[in-house]
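>>> Let's see this in three dimensions:
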Amino acid sequence: MLLFAALTTCSSPFLGDGEDASKLSLGIPHRAGTLNIAVVFRLGGSPYHIDVKDVNIIHVVLNETSPRSLILRLCDVLSSLPIHGVVYEEEVTSRAVAQILDFISAQTSVPIVGVGGGAALVHTPKESGSTFLQLGSSTAQQLRVIFEVLEEYDWTSFSLVSTRHPGFEDFLSFVDAITDGSFIGWERRSVVLLNLTEDPGGARTKRQLKENGAQVRLLYCSKEEADIVFRAAKGAGLAGPSYIWFAVGPSLSGLEYLAPELLPLSLFVVRPAGWRDDVRRRTGRGVAILTQGAMAMGLLEPIPASTGCKAGTNPGYFSNITLGGRDYSFNSDGYLVNPSLVVIALNRERNWEVVGNWDDGVLRMRYPFWSRYGTFLEPPDGSLHLRVATLEERPFVIVEGADPASGTCIRDSVPCRKQLNMSESHEVVAPLKCCCKGFCIDILKRLAKTVGFTYDLYLVTNGKHGKKIDGVWNGMIGEVVYRRADMAIGSLTINEERSEVVDFSVPFVETGISVMVSRSNGTVSPSAFLEPYSPAVWVMMFVMCLTVVAVTVFIFEFFSPVGYNRSLASGKKPGGSKFTIGKSIWLLWALVFNNSVPVENPRGTTSKIMVLIWAFFAVIFLASYTANLAAFMIQEEYIDTVSGLSDRKFQRPYDQYPPLKFGTVPNGSTEKNIRSNYPDMHQYMDKYNQKGVEEAINNLKTGKLDAFIYDAAVLNYMARKDEGCKVMTIGSGKVFATTGYGIALQKGSRWKRAVDLALLQFVGDDEIEMLERLWLSGICHNDKIEVMSSKLDIDNMAGVFYMLLVAMGLSLLVFAWEHLIYWKLRHCMGHTGKLDFLLAFSRVSTCVVHVTSSHHFKLKSTKLLFLVFLFDCADPYWKLEWEVRGEDSCLNEVLVQRSDLKPGAVTKFWWL
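Next up, the predicted model:
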């Protein structure tokens, strides 16, 4: 009520130049001095496209900026002149000043813009109807950016340090709102409330700060209190590079005026993007905002001017303002909806510099983030800050590019730098920012939180684990040995040689040496239909059993009283026996496969019994074959070519053809183990060594490599994750030369015991097992894949079709051979009794036994005379008729056939 009375009663005259009442009148309170905003516009032109001729600037000189002086001076101006808006260019560092400006705006409906470069003060609840706008960042906006930075660098463990400065309750509430229910897993270790008024010496403050073990601290206080807190932190040894401070709230407005030597080395602040702009530029920005708001208001209704305490300005006119391509829209609380903020930090020269930007809700960090890095990116010594070297190798360390839009890393990954080669001018090139994640990165993050350290992660330049060449160590081991890194983590195998120069932690993953081979692509081989029986069974069945039984049946039939032998002579005549060895084989073959084909059965009782026994055998054989055929037609084959490193194929590869092609990745523990234990094997495989695991797997699939020897943990993962499950490790992941992965530390490092205890705790709490399920599991298994019912395609039946094609080809050859014998060769053999034995094998021999081999022999019978005559007949059918029906019955037909001969053909037969 006292403020309202002052506004309504004071009416002191305003001393200033006469102004045109038709213009937009804006009041600019400022301290005694020169501040002519019009001069700024006239000299350089308005950067916000404002015509200064339409703006009436009213300067309000403030001899002092106390709350009482401020309210009286503004009362004079608002009661004596028509004012459309006020631009307050001073830093709003006092909550009382913020409340006065908010109250004046609410009572007079005059929009007031605070253009100070610091933080916007919290004043809750806001006065109803107030149009008090602030270009500074609110505490909530600062915390949002700060927690984005914490998430970017995986600083999930923090503590809150606050004085009882007005607004600290809101500060704590905002932190709770951000962290509660978040999937990130923030850990607020403690909340330290400092009472500086009751601790003039600072002893209790030092003790409270020291008892707080968190490395990351968020401080909320005023500028004056910040000076006291930072002095106490320095005295407690908490202002070094290992402790990270974020200043929040109204203390931001004066930090740059504090002595740099009093500030912590790792201090970060969130400020508006224009924090370095001078007073005139900030004031010009406020004038442009009020002008655009007035223009929007004038488009809807006449522009009112305030000459008292009652007017009608709508705050909604300032909800859609754009200046110079940037959004300056305000929300109902008077804060910018989309503020442009920057993250600033102290560099080594103790100067403030920008290390990150916040625009449109996206954080873009400069890399490296630490301003304390020197020219060669070497951080200063910090007792709790470690340099960690790593090497990309899936799934233990996976390296990805940063988000191209924001330059930040996604959740579950941490920034890691990759040093690029020098430019052509031999200048040091800034490192490439990458994002690292994986099994070992998750362990590193848990170690940092449990043990209590921050880290700078970088990739080794030569891409090696560590090997001693000419007395010099390279890779991750070399980084630790030569103290370029405090720690090395990754798929780093513990061995005796490395343990001599570095300290290893307890192993966190069991590994060793394993062998990876390729497996078939699932297509059944063409010989799959033969696989129900072994080759020996097939040979026994069709080469021995079938032939022996066929001969046995024929012998019984041959010696049977009613069989072949007793009617051998009549067998050459019509009605005689025609059962031969060929027909015996045909009969037995038909019984094996149960085919209904015309067969000739034996007449003898003994041979019939033998055929019945064979039929029973054929049923058993065929039933067993059918029962196993389906499984072999759809089962996937595995190529498990070796049994271990001592396998003969490894030790003596030239003993087989073609020799086994196998290799490994050089400069690792696997190669060292093979070189030490199997020198001949190492010399042979040198030409097949691979550049990396990915290349080796591709060569396995394409057949350029038969086996790949490498770290068991990596190979098991790659086999489980392989697309199509086309590779596998032998023996279901059998491991040789068992060892483990460990974290390499400098010799005598004070971190070894803490790291060992933390790793043992992770094992006991099953955290390692959980990470293995997350990173090392996959869908592929070394065990045989379960057979599933599915339709057989052409690949499954390819072997049967190939067999049919071969049979067709053989049939064509037999067909040609038959015609050759019938038309050509049979006439070259004369009739002799010695050929009668052919009848025992096949009746085809009848085509030969009655044919003479030459026309130049002496004819001894009329029958042979006519046979020779028939040889030249057009239709040889009559030759057979002669033999079957007799000489007399066929004589007439022979004469008829003679007339079909070529002219002159009969003249050579002089006997006719």
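>>> Report the beta-bridge partners for residue 270.
Under DSSP bridges, the beta-bridge partners of residue 270 are residue 343.
>>> okay, it: pLDDT?
Predicted confidence (pLDDT) at residue 270: the value is 90.
>>> switch to numbering from 4
Done: numbering now begins at 4, and the last item shifts to residue 273.
>>> Near it, how many other residues are there?
For residue 273, the neighbour count with other C-beta atoms under 10 Å is 27. (Glycine included, C-beta is placed from N, CA and C.)
>>> From residue 146, how far out is it?
Counting by C-beta to C-beta, to the nearest Å, the separation of residue 273 from residue 146 is 8 Å.
>>> overlap in contacts of those two?
Common contact partners of residue 273 and residue 146 (C-beta atoms under 8 Å, 6 or more residues apart in numbering): residue 251.
>>> those strands in the stretch 354-503 of the chain, which residues are they?
Here the stretch 354-503 of the chain has its strands, by DSSP state E, counting those that start in this stretch, at 355-362, 365-368, 388-393, 401-404, 417-421, 435-440, 457-462, 471-472, 475-476, 490-491.
>>> Could you list the low-pLDDT ranges of the stretch 304-453 of the chain?
Within the stretch 304-453 of the chain, the segments meeting pLDDT under 70 span 304-319, 370-385, 424-432.
>>> Spell out, range by range, the helices that occur in it.
442-450 (DSSP state H, counting those that start in this stretch).
>>> before we move on, what about the stretch 154-303 of the chain?
Listed in chain order, the helices of the stretch 154-303 of the chain (DSSP H, counting those that start in this stretch) span 171-182, 206-214, 226-238, 282-301.
>>> Any idea which of those gets closest to residue 418?
Nearest of the helices of the stretch 154-303 of the chain to residue 418, taken as C-beta to C-beta: helix 171-182 at 21.2 Å.
>>> I'd like to know which elements the closest one is packed against.
helix 142-155, strand 160-166, strand 190-197, strand 219-223 (3 or more C-beta pairs under 8 Å, 6 or more residues apart in numbering; DSSP states H and E).
>>> how far off helix 142-155 does that helix point, in degrees?
40 degrees (axes from the mean of the first three to the mean of the last three C-alpha atoms, to 10 degrees).
>>> can you pull the buried residues of helix 171-182?
Neighbour counts over helix 171-182 (16 or more other C-beta atoms under 10 Å) mark 171, 173-175, 177-178, 181-182 as buried.
>>> tell me which of those is nearest to residue 88?
Residue 88 has its nearest neighbour among the buried residues of helix 171-182 in residue 173, at 27.8 Å by C-beta to C-beta.
>>> Looking at the buried residues of helix 171-182, spot the one nearest residue 232.
Nearest to residue 232 out of those is residue 171 (C-beta to C-beta; 13.0 Å).
>>> from memory that closest one sits against residue 164, does it?
No. The pair residue 171 / residue 164 is not scored as a contact, 10.3 Å apart, by C-beta atoms under 8 Å.
>>> Quick check: neighbours shared by the two?
residue 223.
>>> Which residue, other than its chain neighbours, is closest to the residue nearest to the spatial centre of the chain?
Centroid check for the chain by C-alpha atoms, centre = their mean gives residue 401 as the closest residue, at 8.0 Å. Once flanking residues are discounted, residue 401 sits nearest to residue 441: 4.4 Å by C-beta to C-beta, 6 or more residues apart in numbering.
>>> Ok, residue 596 next?
For residue 596, ignoring the flanking residues on the chain, the nearest one in space by C-beta to C-beta, 6+ apart is residue 625 at 7.0 Å.
>>> Nearest approach to residue 474 belongs to which of the helices and strands packed on helix 171-182?
Closest of the helices and strands packed on helix 171-182 to residue 474 is helix 142-155, at 40.8 Å (criterion: C-beta to C-beta).
>>> Thanks a lot, catch you later.
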